[in-house]
Each structure stands twice: as C-alpha cells, then as structure tokens.
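**Student:** give me a 3D structure for the following:
(one chain, ligands or ions: 1)
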Amino acid sequence: MTPQARLSAAIDVLDRILAGSTAEQALTNWGRASRFAGSGDRAAVRDLVFDALRCKRSYAALGGALSGRGLVLGGVRARGLDPAEWFTGEGHAPAVLSDADAGLTPIGNLALDCPDWLAEPLQAALGADFEGVMQALQRRAPVFLRVNLAKASVETALAALAEDGIACALNPLAKTALEVTENARKIQNSQAYLGGLVELQDAASQAVIAATPLTDGQSVLDYCSGGGGKALAMAAQARVSVVAHDADPRRMRDIPARAARAGVKITVAQTADIGTGYDVILTDVPCSGSGSWRRDPQGKWALTSARLEALRQIQADILDKAAVILAPGGTLVYATCSMLRAENEDQIAGFLSRNHGWQNPLQRRFSPLEGADGFFVALLTREA
Ligand SMILES: C[S@@+](CC[C@H](N)C(=O)[O-])C[C@H]1O[C@@H](n2cnc3c(N)ncnc32)[C@H](O)[C@@H]1O
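**Tutor:** Here you go, the predicted structure:
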C-alpha cells in the first residue's frame, strides 16, 4: 500500500469507530477485508487510527470535522506535513481538499484532548502537571517488559532479548522493568517471551507489585485478577501462594497457561470458593483508566460522570468485601490506573471512615510524566 492508501484505510476504519465500533473490531474487520495489506501496512494503519483516537478533539479541529477524513487530515496537519501531498485523489489516496476541509487551531482543552467535564478534576489531581500529563497522553505509550525473576535474572533476560534483536533499557520504576527501545513488534515471537523469561507489563504496574509487602510463606489473593498480570508478578516476587479471582471468570481463562509459561503456581478461584484469612489481598479495581488512556483512548471519550460514579461504588464495595477476608495484621493493597482523586485518595479516606482499626502507611501516585501509565497504590493494614 502507498502511504496515501494507508491514510484512506485509516479514514475508513475511523468512520466505523465513530459509528460505534470498537477500535479492535474495526481494525480486525478492515484487516479481514484487506488481504492485500502486509504486516507493515497493518501496523501503519493501526498507528494512524490510535494516534487519531488519542487526539480526537484536536485532530477534528485541525481537520475541520469529526469524521474519519477530518481526523486523518488533522493528524497530517498536526505532524506539520503538507496535506496537498497526501490528499491527492490519485490511486487509493484520499480525495483532494476542498473548502469544507478548512480547520482551526485548537486551544485549551481542545488542544490538550481533554474532555471538558474532566478538566477540573484532573487539574485538581495533577496541579501544575496537568498540561504536561495531558500532552503525554496524546502520544503512544512505551512498551515495557517485566523480567520474570522466577525464571531469569535481568541480565539473562536482556541477553535473551538481544539475541532476538530486541533492545531494552532498565527502568527506574521497578527493578524488573525494562523499556523496549528497539523492535517491540518482535516480542511476542521471541524466545525470551515464549520461554516465560519476560512478560508484557507496564512499569507502573510492576511498581505497584514492588510496593506490595510480600514475604515467603504468605497467602495472597489477587481479588480483581483479570488476565492475571499482577498475580503472575506477585508469584515471581516471593514464595507466596497466590489465588486469582475475578468477578468475570472468562477474564481468568488464560491464567493457567500464563502461569505454566512463567513457571509459577496460581490457583484460580470462583467467587463462591474465594476463601478467607489472606495475609495480603490486592484489589486492582475497575476504574476510569485515566492513567492508561494512551493505550485505550476510546476510554477517555466514553467516560461519563454517571459511569465514574458507578465505578466509585464498585471500588468501595470491593474494598469492603476484601477487608473482611483479610487475616488480622494483613495488608490490603488498593490500586487503580486512574489519576482522579475520586477513585484514589477519596476512596482511601472513605474506607478509613467506614472501617476502624486500620492504618494507611503508604499512598503513592505514578504519573505518566515518569514514563509509564498513571497509577495509584495505597496500603491498608489491619490491626492484629
Ligand atoms: C483493572 S482490571 C484488573 C487487571 C488485572 N489485575 C491485571 O493486572 O491485568 C479490573 C478487574 O476487576 C474485575 N471486577 C469488576 N468488578 C469486580 C468485583 N466486584 N469483584 C471482583 N472483580 C471485579 C473486572 O472483571 C476486571 O477484570
């Protein structure tokens, strides 16, 4: 495909997304219908689509319309390219520009791709970092790996990755965290990944596990395990017995295979079998995802105040339910990939006001300005 034809493909995919499809669905459907597209084309179209979704407001302004064409045109203008060279109408290129394609220079929340209703709570949470963080969320997220210490040292993992041409740099957020600097697309077929030496995991997620006080012999519950990313990290950090649970059992489907590849043991529990008396419970609760909008830009535009309030209720309920199955003297770990106080500091304050005999020795925010996703972690310790 020519670079111009890739723009046309991105326009088509974005139109489907604007009509209600998820990005993944729309890209998959386009891929199936476009057998002629090679892997480079698919990657390029995907990048164009996700760039446009991250910058939906500003690109729509620059491109003169909230449409596939407007977004892609806005992206061309944002990159400082001459649109006339790209919108040529020749071959599979997008149609030539007309007066209808005039755009305007975005300012304020528009320029920052911030939904208006979220500007105030985000400013309250981020203070002087607000603009910088919103700008960071307009760019693609770096790729991070976690070295699986159950199978390899950091040096061994780096050497194995290098054999597959994948270059990485150590990341200060966690001693297991590597930022991929070259050939990220090779990871899933690399020997280091297939052999369980490394897992894909954001560095802030790894920092959350590093902040979790795990010691050999403990019983640990990952209450909202999803696909088990953090359960795997906990199982590799100390000789602990890890139980994974999620309200949606389908999300835990891959945990046995992932645990086998990583060389660790994880017991998957349905809600009825969750048990009690855990030394450590991690609640990596469902949240707005505002710290990871780079990876899920549709989440930024789909969030509403009603949905945020519903999430807050779920988060408080999860904390209260987990608290009663924690052993005396145990630690409840609360984590979100949100930057909003309502889901972070306010939840901890709410928990402490509802429950007595608890301490809160740690609260820590991770900012996208540190390179990884925005995250929040709090430790709640129950008196013995
Ligand atoms: C942020 S995700 C967890 C991600 C996962 N810990 C990881 O590292 O990949 C939140 C998870 O909470 C689950 N969940 C939602 N409501 C729940 C509830 N009431 N009890 C337990 N899990 C719940 C969701 O199904 C989702 O998988």
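**Student:** how near is the closest residue to residue 21 other than its chain neighbours to residue 75?
**Tutor:** Counting by C-beta to C-beta, 6 or more residues apart in numbering, residue 29 is the residue found nearest to residue 21 once chain neighbours are left out, at 7.6 Å. In this view, the C-beta of every residue, glycine as well, is placed from N, C-alpha and C. In this view, residue 29 and residue 75 are 21 Å apart by C-beta to C-beta, to the nearest Å.
**Student:** then residue 327?
**Tutor:** With distances taken as C-beta to C-beta, residue 327 is found 53 Å from residue 75.
**Student:** out of the two, which sits in the busier spot?
**Tutor:** Higher neighbour count among residue 327 and residue 75: residue 75, with 23 against 16, using other C-beta atoms under 10 Å.
**Student:** tally of neighbours for residue 44?
**Tutor:** By other C-beta under 10 Å, neighbour count at residue 44 equals 18.
**Student:** same thing with residue 185?
**Tutor:** Residue 185: 12 neighbours (other C-beta under 10 Å).
**Student:** ok, the one 3 residues further on next?
**Tutor:** Residue 188 is surrounded by 9 other residues when neighbours are defined as other C-beta under 10 Å.
**Student:** just residue 69 next, same as before
**Tutor:** Neighbours around residue 69, by other C-beta under 10 Å: 23.
**Student:** start and end of stretch 209-225, how far apart?
**Tutor:** With C-alpha to C-alpha, to the nearest Å as the measure, stretch 209-225 spans 13 Å from end to end.
**Student:** what about it and the ligand, touching?
**Tutor:** Yes. Using C-beta under 6 Å from any ligand atom, stretch 209-225 reaches the ligand at 223-225.
**Student:** quick revisit: so the residue nearest to residue 21, which state does it fall into?
**Tutor:** With DSSP: H, G, I helix; E, B strand; the rest coil as the basis, residue 29 sits in helix.
**Student:** may I ask you to name the longest strand in this protein?
**Tutor:** strand 326-336 (DSSP state E).
**Student:** which residue ranges make up each domain of this structure?
**Tutor:** Using automatic domain parsing, the domain ranges for the chain come out as 3-106, 144-200, 211-382.
**Student:** tally of neighbours for the closest residue to the ligand within the stretch 1-150 of the chain?
**Tutor:** Closest to the ligand within the stretch 1-150 of the chain is residue 146: 10.8 Å, counting by C-beta to the nearest ligand atom. Residue 146 has 24 neighbours, counted by other C-beta under 10 Å.
**Student:** for it, phi and psi?
**Tutor:** As for residue 146, its main-chain torsions (degrees, to the nearest 10) stand at phi -110, psi 130.
**Student:** okay, it and residue 341: tell me how far apart.
**Tutor:** Separation of residue 146 from residue 341 (C-beta to C-beta) stands at 28 Å.
**Student:** do residue 335 as well
**Tutor:** 15 Å.
**Student:** give me the pLDDT for the residue nearest to residue 93 when sequence neighbours are not counted.
**Tutor:** Excluding its sequence neighbours, the residue lying closest to residue 93 (C-beta to C-beta, 6+ apart) is residue 4, at 3.4 Å. We have a pLDDT of 97 for residue 4.
**Student:** same question for residue 283.
**Tutor:** pLDDT, residue 283: 98.
**Student:** one more: the one 4 residues further on?
**Tutor:** At residue 287, the predicted lDDT confidence score is 98.
**Student:** ok, residue 61 - how many residues close by?
**Tutor:** Neighbours of residue 61 using other C-beta under 10 Å come to 23.
**Student:** bridged to the nearest residue to residue 198 once chain neighbours are set aside, which residues?
**Tutor:** Leaving aside its sequence neighbours, residue 198 sits nearest to residue 145 (C-beta to C-beta, 6+ apart; 4.3 Å). Taking DSSP bridges as the rule, residue 145 bridges to residue 178, residue 200.
**Student:** in this structure residue 145 contacts residue 196, no?
**Tutor:** No. The criterion here is C-beta atoms under 8 Å, and residue 145 misses it with residue 196 at 11.9 Å.
**Student:** got the contact list for the helix or strand harbouring residue 159?
**Tutor:** Per DSSP states H and E, residue 159 falls inside helix 154-163. Helix 154-163 has contacts (C-beta atoms under 8 Å, 6 or more residues apart in numbering) with 145, 147-148, 152, 167-168, 170, 175-176, 178, 190-192, 195, 197-198.
**Student:** got the CA positions of that helix in CSV?
**Tutor:** What follows is helix 154-163, C-alpha atoms only, in CSV (Å, rounded to 0.1, in the frame of the first residue of the first chain):
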residue,chain,number,x,y,z
VAL,A,154,17.6,-9.2,34.5
GLU,A,155,20.9,-9.8,32.8
THR,A,156,19.8,-13.2,31.4
ALA,A,157,16.6,-11.7,30.1
LEU,A,158,18.4,-8.8,28.5
ALA,A,159,20.8,-11.2,26.7
ALA,A,160,18.0,-13.4,25.5
LEU,A,161,16.1,-10.4,24.1
ALA,A,162,19.2,-9.1,22.4
GLU,A,163,19.5,-12.5,20.6
